[in-house]
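[1] Provide a 3D model corresponding to the input given below.
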Amino acid sequence: MSMIARFVQVEDAEIAGFAADPASVERLFAGSPDQPARTAAVTPALEERIRANAPGTMAEALPKLAPATRSFISTRLGIAEQEMASMGSAEVLLRLMRERLGSTPAGTAAREPERPTLSLDKAWHGVHYLLSGTTEPGASIESQAVLGGTDIGDDEEGFSGYGPARYFTAEQVAAIAAALARPEIEAEAAARFNAERMERLGIYPGWTASDAGWVLGALRALRDFYADAAAHGRAIITCLV
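    Reported below is the predicted structural model:
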């Protein structure tokens, strides 16, 4: 399954609420980048994670799921873990999840506000490398733009299975936006593009010389997204989904 980096602008004052209730952040990423969903539903990543851990019975699968994931499912469905364990197969549980999470009774959830969003698709690791010259986040501010930020919650898998969502405060967004606005940054990034080297380093998802325009276009989109968020005094939440 592909790993796609998504970014969502939020108000700075909302960060504390998302940090206090990590499960609530899923609703920011449940829809498409152009049309955010109003409420969280059953994501493909969550379905895949449940199936991967449940080749036998749910009683065998539940202990393999992260505690936060088990708690999330139990809370959303309004059933105890013992009841989930008695369901027999993953498909029974997933069918119940789709039925109950597919529609929300009127008045139980506030309409999710429209928020500016960005998807880097699968170019995220390449953008990170072109900005920083490294495979992982480091000390430089440029290396924080894609893979940095503060984790939301302590579940290593996060709701998507690819790690927790992360946030940047409005102050951090402004600092990253300023760094990405340097006139020379695009030339520096272009000079770092080397498909053979990126392949050797294991930069996701795999590279050929013809990908240069694609990844540089994604870098420009990220730069513009940070600039827009900074201009409006907003924070950013990002996640791999």
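
[2] measure Cys239 to Trp124 for me?
    Taking CB to CB, to the nearest Å as the measure, Cys239 falls 11 Å from Trp124. Backbone N, C-alpha and C define where each C-beta goes, glycine included.

[3] what residues are shared contacts of the two?
    Common contacts of Cys239 and Trp124 (CB atoms under 8 Å, 6 or more residues apart in numbering): Ala5.

[4] show the contacting residues for Gly233.
    By CB under 8 Å, 6+ apart, the residues touching Gly233 are Asp12, Ala170.

[5] again, only this time at 6 Å
    Ala170 (CB atoms under 6 Å, 6 or more residues apart in numbering).

[6] any low-confidence regions in this structure?
    Low-confidence segments of the chain (pLDDT under 70): 1, 31-46, 49, 53-56, 66-72, 75-76, 100-113.

[7] so what touches stretch 189-204?
    Contacts of stretch 189-204 (CB under 6 Å, 6+ apart): His125, Gly126, Tyr129, Leu130, Gly133, Thr135, Trp207, Thr208, Ala209, Ala212, Leu219.

[8] for that stretch, list the C-alpha coordinates in CSV.
    This file holds the C-alpha atoms of stretch 189-204, laid out as CSV (Å, rounded to 0.1, in the frame of the first residue of the first chain):
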residue,chain,number,x,y,z
ALA,A,189,17.3,21.1,-4.3
ALA,A,190,17.7,20.6,-8.1
ALA,A,191,21.4,20.1,-7.6
ARG,A,192,20.7,17.3,-5.1
PHE,A,193,18.5,15.4,-7.4
ASN,A,194,20.4,12.3,-8.5
ALA,A,195,18.2,9.3,-9.2
GLU,A,196,21.0,6.7,-8.8
ARG,A,197,22.1,8.1,-5.4
MET,A,198,18.6,8.4,-4.2
GLU,A,199,18.0,4.7,-5.1
ARG,A,200,21.1,3.7,-3.2
LEU,A,201,20.0,5.6,-0.2
GLY,A,202,16.5,3.9,-0.3
ILE,A,203,14.6,7.1,-0.8
TYR,A,204,10.9,6.2,-1.1
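
[9] thanks a lot, catch you later.
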